[in-house]
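Student: all I have is the shape, not the residue letters:
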């Protein structure tokens, strides 16, 4: 942990804070990591942070105290956090000049701590079918995939989805595609192929092939993909434009290849293609997603679990191409000492 | 007329053709020109054309004979042509690999002729409020603007529309924006400003300013544009991404600056921006548009009218920055000789 | 004022209340009346009210004090109230068993008072183009018409709108239809016809004719209405189903003829008709509407203005078929005594 | 077979007809029956039929000859028929006064015959995963359920669907709901419960309970149903309005209880409920559905199969509450005599 350094992190807040009006105290059970957390911890990512800082956005835990006026939750309720907590439904905030991207563990203090106090409406009920480690994976990567494919893209059975890579968003996109009866084609490293197939992938394209597009055309009888989960960005957007079916949708989500997108215009125009810029989603969609996860008993893919003391190793693991989410599992304080 | 040359054009078909089953004979009253027509006439534009060839896609005329089984029209009906005549409603044809762009005067023989025979479902009723010269301007440029703003963009009163330039699509976009109670901001040459204001433009941004974006932010109180009619393409797409309001829509229509689009990813993602690839529209939207044009008595802007013999001058005029459509007005054959 | 009686109303709250955290104090300039207000005042309308009670939901006024943490407004800002203030955007609250309809002047205390304290997010900026009396008409009737035609119905130029009556929602529906380039047909008493035409109505159908449907068919060339603002309810829904164009939309808004709707099934099914239940709308749509009202400089229709002391007469006027909104204009306290 | 009588049916057309331009000759493999067929056969159902008449709309078969200009199919292709064959995509035809409902076996001659000649665009490719008997069930009942839930309702995982009965549309609705990850609650006779559960139903409500609504509320934690497949009509529409979740959708499909619908207005208004009139769907949705059926290997439920000679028994079976579709299986003419 270069950059900010462990000593600049506030992970074990003591004394335990007291929730104010419309706030709750959450005993954190697990926190799933995202690449952004590593960037924030190492370099601050250009955010206006004050230190010591608590990183982390994706929390599962239990309500252990409630402030005045809290009606959404009671003590004992299991909850997960909203990544962009002020975005409730419909249109997000912001202007053309100044987008608003106020997230947990970025603009707001994060959740990688034993206890956190949060406004009650920044949390939603955790799915009853998942434990804390599993549930903690949902707030960022899963919601992003859901918001693209389901909320914006209105995916339906029989659609074909092209997914790039096997990162967090990609694997959730695969699971949500299958949940809706769609056909999922993954463009990924061949050594990840077996895992992806076991998770439901219908077809694997070797991402190192130079003829990815031909492979997609062959797999779809030239029809192309109705949905493309574009996590690579850069010039890959152009590849996605060519891969898109008539009326297809491209979700611009990630930019591993760079934040400067490029694409030929003609495939977009001739095929009525739509590109959706996606940056997670709102709370109503998050609640919809959790209901779906619970009802179909979907299980997120966990790559590895670390105790809080293993945070440096967990952050290193982020860069090694994990298959599934990396989760920090907080120790069970309640059982150990009989109280919070 | 270099390139193909006048002798390779079939404009005065004789004998007058006879309509077959489900076909009609149209006495052409006027044909509006598009840049594409010039490219087709001069170079063939890479299309698999056979010569002599009839160019032109945008026709207004009158039914003078009907073939067997024609129910859509009767002799005497005034009609206009559908630019992509096989696209009736909903999803267009084509595959990811092979988009279908079968247009009049491109894939199909065109309409710049005294008489043309066409399938009856390739035509729709002309608006009763417009003469042939006016009505001939609607099939390509107007439908493109309508399909973007109304069919895809569902423009509403109070929205802000940023329109680039004063080309055919741009002026129709301006008129349709005003028709729906929206605010129209044109980025154009200042010498076109007065004409644009007279047509309803609420604000003019000098396209040569280096701070176009600042000007837009200032005009909208930073809110940005809900709809951006992107007729320039190239790196301008990135400018449009920055100009877009939260939840805004960019219509990728033209590529004067090149067919290789580029844009930063972050404004698209942080502001939930949608990019729609647009290439004209379907017949149902065309009929909707004509009903609107008729009911609000909208009048297309005519830059200039030429007789058929003035075709070379008309094609030259296309390159000189006209303000409005350039139309070839066919001579009135019926009155001259008492018959078709 | 039978029923509750004037003595049970709290209209001149003294001492002036002090805004708490995230609250503002509003000096009320005008309050527009709705039929509901009369019912609440006279009978309580079955609501769980405590007395003395402040009725009224539709306020225009000025911020005169702000509590801690208020960022949305500053002292001096002109504001109008949100009718269902907790509904911000997207899906409204409630369950199948228990709809949530928590409105100002119904579930919540109302605004018909010299001063009111409200949470800051229950207000939006008033349109700069309207005075208080005009602006006060917008929160309920106007938003209902907008939410139906624009937010749900996505009305467009060239559409035909059938509007029943000349009540508050009906007249706003007429104005919004014209604002979007649509054709408005009013079914109303013939003596209201001239006023309605002056406001933009394209056609008037005498509501007392027994052949209303034939009249509509004749006016539309059998095509019917794309949008029907159904404010009568009861068996009129069936008439609306027959009046609807293919793909048409009926907005079930009012129930003057009774809350038991009935309709034949076949026209709904054969014509792909959609019925939308409408009960005002959310804040985001309200802000959209106000922006539109401001930009196109739309002026609400005011039937009559009364001072607060004229409340009984104003309530009587509600039942006499006014043309436009009835507004209580509060006296200008600031000017009179040099302070709030 | 009272009414029309067997002698008035044209089921074994000889000589075998020859396909004209853009027509194909289909050797019929199977025809699924609908209640409408019984009504047409017995009474003509008020349709302007000429006799002898071929009833039946839902065909699976094989192309055995093609007319001039046929490009959609080749000899040997397996096909199924479009129920409303002229409705390709988007808006259907018709006016407010005169809905257009031109269907096979109703307005048009039907398909219950050894061979039929049809325009090639009235057919689509049969799913490769189904035999003729299975595939023949798709054109009417399955498309109706798909068009409601998927095309109009955009069903998603986690949604709750309330389905009335176990008729053809109901069972397909159940299968499509499960295909998209939704929860399906069936209100049906308890003796059908086991079959419905085996097909994927999550919950069964005894349709004879007087407290159906309470049962639904209990099963959904008061949240209600996001989608209601209303096949009963009459006063049941009101029950559906009360059963609907906030923002829920009711599909008015059938009218077993009568074509005069009734409902209270308040639940529709307070809960933003939408009612969609549904009468099958268009060809593009049909193609989408077949792709989905094929990819997820969905199998339609067959109640019983009859030879053509068993038509009277098959028609009787329609009235006895079958569980699944009743199909007439044509004899295999090709194998018997070595030719068509």
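Tutor: Yep, that arrived. All values derive from a computational prediction rather than experimental measurement.

Student: residue A:269: how many residues sit nearby?
Tutor: Residues near residue A:269, counting by other C-beta atoms under 10 Å in any protein chain shown, number 25. Heads up, the C-betas are built off the backbone N, CA and C, glycines and all.

Student: which residue is the nearest non-sequential neighbour of residue A:77?
Tutor: Using C-beta to C-beta, 6 or more residues apart in numbering or on different chains and skipping the chain neighbours, the partner closest in space to residue A:77 is residue A:63 (4.7 Å).

Student: can you tell me the element the one you found falls in?
Tutor: Using DSSP states H and E, the element containing residue A:63 is strand A:58-66.

Student: can you name the next helix or strand after that strand?
Tutor: Following strand A:58-66 toward the C-terminus (DSSP H and E): strand A:78-81.

Student: same for that next one, what does it pack against?
Tutor: Packing partners of strand A:78-81 (3 or more C-beta pairs under 8 Å, 6 or more residues apart in numbering or on different chains; DSSP states H and E): strand A:58-66, strand A:123-125, helix A:132-135.

Student: 10 Å - rerun?
Tutor: Helices and strands touching strand A:78-81, by 3 or more C-beta pairs under 10 Å, 6 or more residues apart in numbering or on different chains; DSSP states H and E, are strand A:23-32, strand A:58-66, strand A:115-119, strand A:123-125, helix A:132-135, helix A:283-295.

Student: helices of chain A, start to end?
Tutor: For chain A, the helices defined by DSSP state H occupy A:35-43, A:132-135, A:143-146, A:168-179, A:193-198, A:212-219, A:236-243, A:265-270, A:283-295, A:311-318, A:333-337.

Student: I'd like to know which of these is closest to chain C.
Tutor: helix A:283-295 (5.4 Å; C-beta to the nearest C-beta).

Student: the closest one - what's its average pLDDT?
Tutor: Across helix A:283-295, the average pLDDT comes to 98.

Student: does that helix reach chain B?
Tutor: No: Helix A:283-295 lies out of reach of chain B by C-beta under 10 Å from any C-beta of the partner chain, never closer than 12.1 Å.

Student: tell me which other helices or strands that helix touches.
Tutor: Against helix A:283-295 (3+ C-beta pairs under 10 Å, 6+ apart) you get strand A:78-81, strand A:123-125, helix A:132-135, helix A:143-146, helix A:168-179, strand D:183-188.

Student: now that helix: how far from the chain's centre is it?
Tutor: Relative to its chain's centre, helix A:283-295 lies at 14 Å (C-alpha atoms, centre = their mean, to the nearest Å).

Student: same question for stretch A:77-90.
Tutor: So, by C-alpha atoms, centre = their mean, the centroid of stretch A:77-90 is 13 Å from its chain's centroid.

Student: quick one: end-to-end length of it, please.
Tutor: Distance across stretch A:77-90, first residue to last, is 27 Å (C-alpha to C-alpha, to the nearest Å).

Student: stretch A:185-193 too?
Tutor: 11 Å.

Student: in the stretch 1-150 of chain A, which residue sits nearest chain B?
Tutor: Taking C-beta to the nearest C-beta, the stretch 1-150 of chain A has residue A:96 as its residue nearest chain B, at 2.2 Å.

Student: and that residue, how far from residue B:240?
Tutor: 10 Å (C-beta to C-beta, to the nearest Å).

Student: please enumerate the shared neighbours of these two.
Tutor: B:162, B:213, B:225, B:248, B:267, B:273 (C-beta atoms under 10 Å, 6 or more residues apart in numbering or on different chains).

Student: any of those buried? List them.
Tutor: In the shared contacts of residue A:96 and residue B:240, burial by neighbour count holds for B:162, B:213, B:225, B:248, B:267, B:273, counting by 16 or more other C-beta atoms under 10 Å in any protein chain shown.

Student: got a list of what the first one touches?
Tutor: Residue B:162 makes contacts with A:96, B:173, B:177, B:183-187, B:203, B:205, B:212, B:216, B:219-220, B:224-230, B:239-240, B:243-245, B:248, B:250, as judged by C-beta under 10 Å, 6+ apart.

Student: quick check: closest non-adjacent residue to the residue nearest the centre of chain A.
Tutor: For chain A, the residue nearest the mean C-alpha position is residue A:141 (1.1 Å; C-alpha atoms, centre = their mean). Leaving aside its chain neighbours, residue A:141 sits nearest to residue A:168 (3.3 Å; criterion: C-beta to C-beta, 6+ apart).

Student: gap between the one you found and residue A:136?
Tutor: From residue A:168 across to residue A:136, the span is 12 Å (C-beta to C-beta).

Student: ok, the closest residue in space to residue A:111 that isn't next to it in sequence - how many residues close by?
Tutor: Using C-beta to C-beta, 6+ apart and skipping the chain neighbours, the partner closest in space to residue A:111 is residue A:59 (3.9 Å). Other residues near residue A:59 come to 32 when the count uses other C-beta under 10 Å.

Student: stretch A:248-263 and chain D in contact?
Tutor: No: judged by C-beta under 10 Å from any C-beta, stretch A:248-263 stays clear of chain D, getting no closer than 13.5 Å.

Student: enumerate the residues of the stretch 1-150 of chain A near chain D.
Tutor: A:146, A:149, A:150.

Student: residues in contact with the closest residue in space to the last one that isn't next to it in sequence?
Tutor: Using C-beta to C-beta, 6+ apart and skipping residues adjacent in sequence, the residue nearest residue A:150 is residue D:156, 5.3 Å away. By C-beta under 10 Å, 6+ apart, the residues touching residue D:156 are A:146, A:149-151, A:154-156, A:176, A:179-180, A:288-289, A:291-292, D:150, D:180-182, D:226-227.

Student: swap in residue A:175?
Tutor: Here residue A:175 is in contact with A:142, A:145, A:146, A:184, A:199, A:200, A:293, A:296, A:298, A:299, A:300, A:301 (C-beta under 10 Å, 6+ apart).

Student: I'm done for today, thanks for sticking with me.
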